[in-house]
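J.: would you be able to build a 3D model of this:
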Amino acid sequence: MPVVSEWGMEWTRLTVLALEPGEVYAHACGEAEWIVLPLSGAATVHCGGSAPDPGPDPAPPASEARGSGGGARGSGPQVFELRGRAGVFDGPSDFAYLPRDGHAEVTSADGGRFALAGARCDNALPARYGPAEAVPVELRGAGQCSRQVNNFAAAGPAGFACDRLIAVEVLTPGGNWSSYPPHKHDEHHPGEESRLEEIYYFEIAPHGDTPGLGYQRVSPSPAGKTDVLAEVRTGDAVLIPDGWHGPSIAAPGHDMYYLNVMAGPGASREWLIRDHPDHGWIRATWPGQDIDPRLPYPKAPETAPQTEAPR
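T.: Sure, this is the predicted structure:
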């Protein structure tokens, strides 16, 4: 039997599967849209009940100027072969999008771990394939705040089209602080802040035989009372319905990965944040610092100097 871990709040959902070779996991989408994302290993996703084919250039729902997405479109049963990856620090993975009210089977010939990131939604978009090569990779911050973001389902007109789901991967070298400065998105302020709840799912690299660990902070905001200081290890998740979240602290010698799953009730699918007023000043220090040379993952033997502007 597959080993299944599940988390959820009002808008967000996350399921993490550990499949042995040949095992099959049956998944009913229900009222949520989902992305099947390999964490380690390859998978075959059989998807049924997809939305009708909207044609070569579908118009996004009126609630948002959605991105056009990519990969195969169509109605009827579909099969997506996901090449996956050896592990989360080995670069972005390809993925499959499953529509609301659909159903799917996930199987892996050689076994592996797979995340299903979901969001309650209103519109059934077509089932599609997202190639790894099309995932935008971004380096944020500088110095000890450096991290890498794999924007496989980020919001924005150039992103992969979803109805409400926003999902990205963040990779942080050991000893660095990520999700910093602390920020929040628990109130709706047009053009300034989105109302989004969020799930953080962690995997921490070991050092030899020593398991990895890190820490996650969530502090109360004017809009909520969430107050968390958690030690996190591989397989742990932190649920953030509200509050200032950050830092995500990677212990020295233990690189940190987390998957962010976000969704909320707003009419627009957008990620707008507000920095903590006591700590936002740190951004002004980044232009004078280099991005951590351990980035990006995977580290190529020779990597050209990074010239991106700090964010």
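J.: for the stretch 1-150 of the chain, which segments count as strands?
T.: Secondary structure of the stretch 1-150 of the chain (DSSP state E, counting those that start in this stretch): strands located at 3-8, 12-19, 24-28, 32-48, 78-85, 95-98, 103-107, 112-120, 128-130, 137-140, 147-153.
J.: buried ones in the third one?
T.: The one in question is strand 24-28. By 16 or more other CB atoms under 10 Å, the buried positions in strand 24-28 come out as 25, 27. The C-beta positions use only the backbone N, C-alpha and C, and glycine is treated the same way.
J.: return it as CSV; C-alpha atoms alone will do.
T.: C-alpha atoms of strand 24-28 as CSV (Å, rounded to 0.1, in the frame of the first residue of the first chain):
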residue,chain,number,x,y,z
VAL,A,24,-0.7,2.6,-7.8
TYR,A,25,-2.4,5.5,-6.0
ALA,A,26,-5.9,6.4,-7.1
HIS,A,27,-6.8,10.1,-6.6
ALA,A,28,-10.2,11.8,-6.8
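J.: mean confidence for it?
T.: Here strand 24-28 scores 97 as its mean pLDDT.
J.: ok, residues contacting that strand?
T.: The contact list for strand 24-28 (CB atoms under 8 Å, 6 or more residues apart in numbering) reads 2, 4, 15, 17, 19, 34, 98, 103-107, 116.
J.: the same query, at a cut-off of 7 Å, please.
T.: Applying CB atoms under 7 Å, 6 or more residues apart in numbering, the external contacts of strand 24-28 come out as 2, 17, 19, 103-107, 116.
J.: now list the buried members of those residues.
T.: Buried, going by 16+ other CB under 10 Å: 17, 19, 103-104, 106-107, 116, out of the contacts of strand 24-28.
J.: quick one on the thing from earlier: right, so the strands of the stretch 1-150 of the chain: which one is the most enclosed?
T.: Sort the strands of the stretch 1-150 of the chain by mean neighbour count, taking mean count of other CB atoms under 10 Å, and strand 95-98 sits at the top with a mean of 28.
J.: so which strand or helix has the residue nearest the centre of the chain?
T.: Per CA atoms, centre = their mean, the C-alpha nearest to the average position across the chain is that of Val168, at 2.8 Å. Using DSSP states H and E, Val168 falls within strand 166-172.
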